[in-house]
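Undergrad: Quick one, fold the following:
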Amino acid sequence: METELSSFGAVEPEIKVPVPPPSSDMGTLFKSELMSKCRFFLPPETAYNCIAELGEIGAVQFVDLNPDTTSYQRQYVGDIKRCEEIERKLRYIESEIVKESIEVTEDATIATPAPAPREITDLETNITTIEENLKEVSDNFVSLMRNHLELTEIKNMLSKAELFLTANQLSGMDPPEGANNLGLELEKGEKGEEQNSMQLNICAGVIERTRILAFEKMLWRVSKGNVYVKFSDIEEEIKDPKTGEIIEKAVFIIFYQGEALRSRVKKICEGFHASVYPCPDNAAERRDMMCGVNTRIEDLKTVISQTDQHRQRLLLAASGSLRENYVKTRKMKSVYYILNHFSLREGQRVLLGEGWMATSDIQDVRAALFKGGEDSGSAIPPTLEKIPTVEEHPTYHKTNKYTAGFQSLVDAYGVNSYREINPAAYTIATFPFLFAVMFGDAGHGTIMLLFALWMIKKEDKLEKFVNSSEIFKIFFGGRYIILMMSCGSIYTGFIYNDIFSKSFNIFGSHFHITRNFTASNSTPLNLAESFDIDPKDNMSYTGTPYPFGVDPVWLTASNSISFLNGYKMKISLIFGVIHMSFGVIISVWNKVNKRQYHSIILEFFPQIIFLFFLFGYLIVMIFIKWILYGANYNGQWSEHCAPNLLITFINMMLFKNDPPDPTQVECHVDGVNYDVFMFGFQQQLQMFLVLGG
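TA: Below is the predicted model of the structure:
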């Protein structure tokens, strides 16, 4: 198990690579770096600082010397849990900051180093204090908002109840008119006990609007229709104390009779999470209660405002150091994670570790270890020694912001073996070019170019938002690839004379179209009418080539597809065979470096012979056809005698010969059928190439 300790700062520090004298073993863009396996001897008191310094240069890939030990049995598991707890507190602080829409400030120009061991306790104490203060203020704020919510609901309940009871004359001991809707008939008895038994009970409260229908149905079924319910929406904005989301609620007033329904109504209100508040029967008591509620609400608003201001001050202060604390905590966690890869030796007096690094970076690693030991003040310096090994070396390529995108593109298909030729070096040229051959449009290429230039110009600002979107991360990482592809697309777009799928007459056409048309009743305009361009027509073609690219008149002709597709297809075949041949030839370099000379004989030669004898021959035929045959030529070299290369290649593989066309007399010269073969010994040559390939 191997772990890479990369640059873990908020801003990646620049890696200083020493420039050794030229050597054949030196790693370049064309080959991976020469790697060495080294052993670290670190005193426990200097281990933290040394690993922190190595993390800043990101030049070592550490090897786990405790592969059979579980994560809970390692030496620094307690420190990692401590860092995870700090991260949890930072996530809580960040969630509160995001909830209040406060911008998190950070200075990307200042690199944040890993905290020193003596600073870890102060960092933990500071973050814990911020979290406790925020929790206390937030809990108080939520409690105040909950009280404010209850008082607001009581105020709305009293106001709605006052309007309803006054309108229906239900104040005091007067008989309500609403009782008629219930089928209840109130009569004044002569005795006080009878009058009290016939009196209606009132239950008032607040419920969410989404539960009104189910709440009303449940009351009707349980009471068997012996209740009267009145609802009224609350227009005032009500927010949830915890989430801050707006809640739509309504006031309800329930009229019922008897003690039996009292408990049932109470249970239904509890089941639907309805808030029930006392509602006095007397109008004067309701007005007194309303005045008291309004006074409490005003006082509560003042307290809430002051609490919110104090909370905002705490969050603003925390936002200024949030990113810095995140970086410090994660660097500290990474250091302890790497230290768990070391093993204690010599009676727990030294930490022993191993790791891979580029040979050219050994001096930088030694300097980082020396600096870490010097900062810790230890009398015993850390030691690094190179150890010989026969195990497989890792592949490492040094890249910059321009070559990193191409290297990632190649690594997505597969990482080359150690010290093999790096395909990314050639991909820098071939990938944008082959893309441009397929995507030849100067207009769309210009849009890609502007997009790539914008990302390159704003790369320092955009780098902060890379991790926010996976798709944007891909685009931003390949911004230089897009730049090269767009330049190639613009070039091939001019070659194809294709700008937003339209042709431009830049240099003037070399064809003279003599077609004139005047629309009339006898000769109406026919938009579907087509015409062909014939290059052998001396009246329409001057015989001189177009200065750059394709003549614009071709895109208006009906035979443009056959001309352009044939041209592009042959060009694609030529580039494809050249590309494959280049890859096969380059493989010889790897075989020579690995001293696999038998592979050159048994693998390379069969591959290159097969490729050249078949597809290389096809490419040669394309050039021969372009050179020998022409529209203005006569005899056996006229366009009518040019054989079809696809049919020729198929017949070549099947050892088959098509009979000559007897109508093409001019194609049969000196016993050679030039409508079937381009030269006399072509049939024998093709048989030799197929058998040899």
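Undergrad: When you work out contacts or count neighbours from here on, use the C-alpha atoms and nothing else.
TA: Noted.
Undergrad: D240 against E208, yeah?
TA: No: between D240 and E208 there is no contact, the gap being 11.8 Å when judged by C-alpha atoms under 8 Å.
Undergrad: Could you check which of the two has the larger neighbour count?
TA: Using other C-alpha atoms under 10 Å, the more surrounded residue of D240 and E208 is E208, with 18 against 13.
Undergrad: about what we covered before: shared neighbours of D240 and E208, anything?
TA: I247 (C-alpha atoms under 8 Å, 6 or more residues apart in numbering).
Undergrad: What residues sit buried inside stretch 376-393?
TA: Neighbour counts over stretch 376-393 (16 or more other C-alpha atoms under 10 Å) mark S376, P381, P382, L384, H393 as buried.
Undergrad: Among those residues, which one lies nearest to V410?
TA: H393 (19.2 Å; C-alpha to C-alpha).
Undergrad: Can you tell me the element the closest one falls in?
TA: According to DSSP states H and E, H393 maps onto no helix or strand at all.
Undergrad: how far away is it from Q363?
TA: H393 sits 20 Å away from Q363, going by C-alpha to C-alpha, to the nearest Å.
Undergrad: and what of Q686?
TA: 61 Å.
Undergrad: And L614, by the same measure?
TA: In terms of C-alpha to C-alpha, L614 sits 53 Å off from Q363.
Undergrad: buried set for stretch 58-71?
TA: G58, A59, V60, Q61, F62, V63, D64, L65.
Undergrad: Narrow the buried residues of stretch 376-393 to those in helices?
TA: For the buried residues of stretch 376-393, the ones inside helices are S376, with DSSP state H as the criterion.
Undergrad: Just name the lowest-scoring one in the buried residues of stretch 376-393, pLDDT-wise.
TA: Within the buried residues of stretch 376-393, S376 has the lowest pLDDT, namely 85.
Undergrad: quick one, which of Q686 and Q363 is more surrounded?
TA: Q686 (20 against 12).
Undergrad: And that one, which helix or strand is it part of?
TA: helix 682-692.
Undergrad: Could I get the average pLDDT for that helix?
TA: Rounded mean pLDDT across helix 682-692 is 89.
Undergrad: Show me what it is in contact with.
TA: Contacts for helix 682-692 (C-alpha under 8 Å, 6+ apart): I609, F610, F613, L614, M652, M653, F655, F677.
Undergrad: Now the buried members of these.
TA: F610, F613, L614, M652, F677.
Undergrad: What is the neighbour count of the nearest residue to the second one once chain neighbours are set aside?
TA: Beyond its immediate neighbours in the sequence, the residue positioned closest to F613 (C-alpha to C-alpha, 6 or more residues apart in numbering) is L689, lying 5.2 Å away. Residue neighbour count, defined by other C-alpha under 10 Å, stands at 17 for L689.
Undergrad: what's the answer for V415, then?
TA: 16.
Undergrad: for it, helix, strand, or coil?
TA: coil (DSSP: H, G, I helix; E, B strand; the rest coil).
Undergrad: residues contacting it?
TA: Contacts of V415 by C-alpha under 8 Å, 6+ apart are T395.
Undergrad: i'd like the first residue to be 184 from this point on
TA: Done: numbering now begins at 184, and the last item shifts to V598.
Undergrad: Can you give me the distance of it to C824?
TA: In terms of C-alpha to C-alpha, V598 sits 50 Å off from C824.
Undergrad: Please apply the same query to P718.
TA: For P718 relative to C824 (C-alpha to C-alpha), the value is 16 Å.
Undergrad: what about the two, which has more around it?
TA: C824 (24 against 15).
Undergrad: ok, now how distant is the closest residue to the more buried one other than its chain neighbours from S745?
TA: Residue nearest to C824 in three dimensions, not counting chain neighbours: D858, with 4.4 Å by C-alpha to C-alpha, 6+ apart. Computed as C-alpha to C-alpha, the D858 to S745 distance reads 20 Å.
Undergrad: Who has more neighbours out of those two?
TA: D858 (24 against 9).
Undergrad: does that one count as helix, strand or coil?
TA: D858 ends up coil, using three-state DSSP.
Undergrad: That one contacts P845, correct?
TA: No: the pair D858 / P845 is not scored as a contact, 10.2 Å apart, by C-alpha under 8 Å.
Undergrad: What ranges in this protein fall below the confidence cut-off?
TA: 184-210, 290-292, 351-382, 529-530, 697-713 (pLDDT under 70).
Undergrad: Please enumerate the strands of it.
TA: With strands called from DSSP state E, the chain shows them at 185-188, 218-225, 243-246, 384-391, 411-416, 421-422, 429-430, 432-439, 458-460, 526-528, 533-541, 566-570, 851-852, 855-856.
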